[in-house]
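A.B. asks: sequence and predicted model, in that order:
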Amino acid sequence: MILSDADIERRLREGDLVVEPLDDPDIQIQPASVDLRLGHEFLEFQHANIPCIHPNSEDEVADYVEETTIDEDGEYILHPGDFVLGTTHERVEIPDDLIAHVEGRSSLGRLAIVVHATAGLCDPGYEGQITLELSNLGTAPVALTPGMRISQLTFTELKTPAERPYGSERGSKYQGQRGPQASKIQGDREFGGDQ
Ligand SMILES: Nc1ccn([C@H]2C[C@H](O)[C@@H](COP(=O)(O)OP(=O)(O)OP(=O)(O)O)O2)c(=O)n1
């Protein structure tokens, strides 16, 4: 079951679902989703310094990215073909009986802005800000301003709460993340391994 605005408001009131700061619920809470705003920090890949990323190697992907912070009234220009990691302004706490999906907003989609390249799932138990995989599939540069409503979260109720929610086990690499975080794929647990 997907939560409606009334369900979302009830879960927020009960306090096990957290989206904060929710400065203007009347605007942010949509019929079946919550709009999230763009934060100030961005992680850009340093194309010139990357020969090739090998996800299975020991190389830290974080070594290949550089953080840029945009001022309060500044803007980040996303050029056609660019890919950058951004963050939601809000942090979320997802209870053990919900999953959340990060979705784009239609108004930005119509400008060819995509907010998640592939990964759009927030696990039951996840706590933190959400890293956005921003790209521009269009032909014109688009100015993104921190604070703008960039994405929306929908919530789906699980049949039974997760037995091993995110954060309860080793390998929950992004639990508690603040700001955009580069891939930590080197921290993947191997089958039969003890990482
Ligand atoms: N666009 C997204 C999607 C997810 N997440 C957060 C919430 C998720 O609960 C967490 C982990 O996401 P995945 O399970 O998709 O990622 P991995 O499988 O790579 O990580 P892990 O091995 O830690 O499960 O990352 C995020 O910040 N930004």
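C.D. replies: Right, received. Where do you want to start?
A.B. asks: distance between stretch 75-87 and the chain's centre?
C.D. replies: Put simply, stretch 75-87 sits 14 Å off its chain's centre (CA atoms, centre = their mean, to the nearest Å).
A.B. asks: quick one: secondary structure of Asp63?
C.D. replies: Classification of Asp63 by DSSP: H, G, I helix; E, B strand; the rest coil places it in helix.
A.B. asks: show me the helices in the chain, by range?
C.D. replies: Applying DSSP state H to the chain gives helices spanning 5-14, 25-28, 106-109.
A.B. asks: most tightly surrounded among these?
C.D. replies: Most buried of the helices of the chain, by mean neighbour count (mean count of other CB atoms under 10 Å): helix 5-14, with a mean of 15. Any C-beta I mention is one placed from the backbone N, CA and C, and that applies to glycine too.
A.B. asks: would a markdown table of the helices of the chain with distance to Arg164 and mean pLDDT be doable?
C.D. replies: As requested, those are exported to a markdown table (distance: least, CB to CB, whole Å; pLDDT from 0 to 100):
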| stretch | distance to Arg164 | mean pLDDT |
| --- | --- | --- |
| helix 5-14 | 21 | 98 |
| helix 25-28 | 31 | 96 |
| helix 106-109 | 34 | 94 |
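A.B. asks: got JSON lines for those, with distance to the ligand too?
C.D. replies: Below are these laid out as JSON lines (distance: least, CB to the nearest ligand atom, whole Å):
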{"stretch": "helix 5-14", "distance to the ligand": "17"}
{"stretch": "helix 25-28", "distance to the ligand": "18"}
{"stretch": "helix 106-109", "distance to the ligand": "15"}
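A.B. asks: who wins for proximity to Ser57 among those?
C.D. replies: Closest of those to Ser57 is helix 106-109, at 34.5 Å (criterion: CB to CB).
A.B. asks: how far off centre is that closest one?
C.D. replies: That offset, for helix 106-109, works out to 17 Å (CA atoms, centre = their mean).
A.B. asks: what's in contact with that helix?
C.D. replies: With contact meaning CB atoms under 8 Å, 6 or more residues apart in numbering, helix 106-109 is reached by Val115, Ile150.
A.B. asks: could you do stretch 15-30 as well?
C.D. replies: Contact with stretch 15-30 is made by 5, 8-9, 11-12, 34-36, 89-95, 98, 149, 152-153, 155, as judged by CB under 8 Å, 6+ apart.
A.B. asks: 10 Å instead?
C.D. replies: Residues from elsewhere that reach stretch 15-30, judged by CB atoms under 10 Å, 6 or more residues apart in numbering: 3-12, 34-37, 88-98, 100, 105, 127, 147, 149, 152-155.
A.B. asks: mind listing what's buried in that stretch?
C.D. replies: Within stretch 15-30, the residues scored as buried using 16 or more other CB atoms under 10 Å are Leu17, Val19, Gln28, Ile29, Gln30.
A.B. asks: cool, and stretch 64-84?
C.D. replies: Neighbour counts over stretch 64-84 (16+ other CB under 10 Å) mark Tyr64, Val65, Ile70, Tyr76, Leu78, Val84 as buried.
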